[in-house]
Every structure is written in structure tokens, then in C-alpha cells.
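**Q** Prediction below, plus the sequence it came from.
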Amino acid sequence: MPLVKLTEQLKTLIDERHHHFINTEGPIDKSDRSFFEQVKKETSPMFEMNLSWRDEAEAFVKDRRASVHPNQVKSTHENIDMIILHSYYLDVDLKRFKELHQSAHYVLDMILDDSKE
């Protein structure tokens, strides 16, 4: 899948996860096996999309076509993984979650800008 499409899909995904985090009552019982299975099933395609994005973005950055540094791609990939998990388990405070969300958006927007040039 092309990098631009993956990047746009990830932006939508993290916005949906942000909305879920804000509008879900917590805390979640982490020992609930059925909840764990539900989370595993729902998040699997999200993690796969994020992994595909990382691979595409790393290749894009490696070719020196971007102002994004390879470490930013790696960090953004990790931040999006955390956004996905934290949106289910609600185990970070709102400020930290918003920082992860904003940081991911910043790099995703940079990738989109660089891909237009």
C-alpha cells in the first residue's frame, strides 16, 4: 500500500483511538481474559497497518526524500502502538495520551508534506 494512503489511514486511526480514550469510562480490569481476547482481535489489524507504515516510511526516509529522521519514524511507530493499547486499557493520564497523539500527528503530517514534493 502506498505511503500516503497508509499515513492518512493512521491519522484517522489515532484520531479514533483518541476519541475512544476520551469517551470511555475506566479503569479496565487487566485480568479479564475475554477483554484481552477482544482487544487482541480488534488491535491486530491496527498493529499490522502501523508496521506496514513503518516499513514504507523507513524506505521513504532512507532514500533521503524526507525531512523526517529515521529515529522519528521508529518513535512514531512506537507511539502509535502505545496509543492503540492505551486507548483500550486507559492506563495513562490524559496529558500523556494527548502528547503521544500530537507527536504522532506531527510526524505523520511531515511525511505527507514531504511526499507531495
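**A** Happy to help now that I have it. Predicted model, so just to flag it, every value in this text is computed and none were measured. Numbering: from 1, shown residues only.

**Q** so how far is Q38 from the closest residue in space to H101 that isn't next to it in sequence?
**A** Counting by Cβ to Cβ, 6 or more residues apart in numbering, H101 lies nearest to H18, which is 5.0 Å off, once chain neighbours are set aside. Heads up, the C-betas are built off the backbone N, CA and C, glycines and all. Taking Cβ to Cβ, to the nearest Å as the measure, H18 falls 20 Å from Q38.

**Q** Settle it for me: which of those two has more neighbours?
**A** Using other Cβ atoms under 10 Å as the criterion, H18 and Q38 rank with H18 on top: 20 against 12.

**Q** List the contacts of the more buried one.
**A** By Cβ atoms under 8 Å, 6 or more residues apart in numbering, H18 lies in contact with 83, 87, 97-98, 101.

**Q** would a markdown table of the residues you listed with distance to K74 be doable?
**A** Below are these laid out as a markdown table (distance: Cβ to Cβ, whole Å):
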| residue | distance to K74 |
| --- | --- |
| I83 | 15 |
| S87 | 21 |
| F97 | 20 |
| K98 | 21 |
| H101 | 18 |
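
**Q** Can I get the buried part of those residues as one ChimeraX selection?
**A** Buried residues within those, by 16 or more other Cβ atoms under 10 Å, are selected in ChimeraX with:
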select :83,87,97,101
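
**Q** among the contacts of H18, which two are most distant?
**A** Spatially, the most separated pair among those is S87 and K98, at 12.1 Å (Cβ to Cβ).

**Q** who touches stretch 75-87?
**A** So stretch 75-87 is contacted by 10, 13-14, 17-18, 20-21, 24, 43, 46-47, 50-51, 53-54, 57, 92, 97, 100-101, 103-104, 107-108 (Cβ under 8 Å, 6+ apart).

**Q** tell me the centre residue of this structure?
**A** I80 (2.3 Å; Cα atoms, centre = their mean).

**Q** quick one: that residue from E37, how far?
**A** 22 Å.

**Q** Helix, strand or coil: sort out V68 for me.
**A** Put simply, V68 is coil when judged by DSSP: H, G, I helix; E, B strand; the rest coil.
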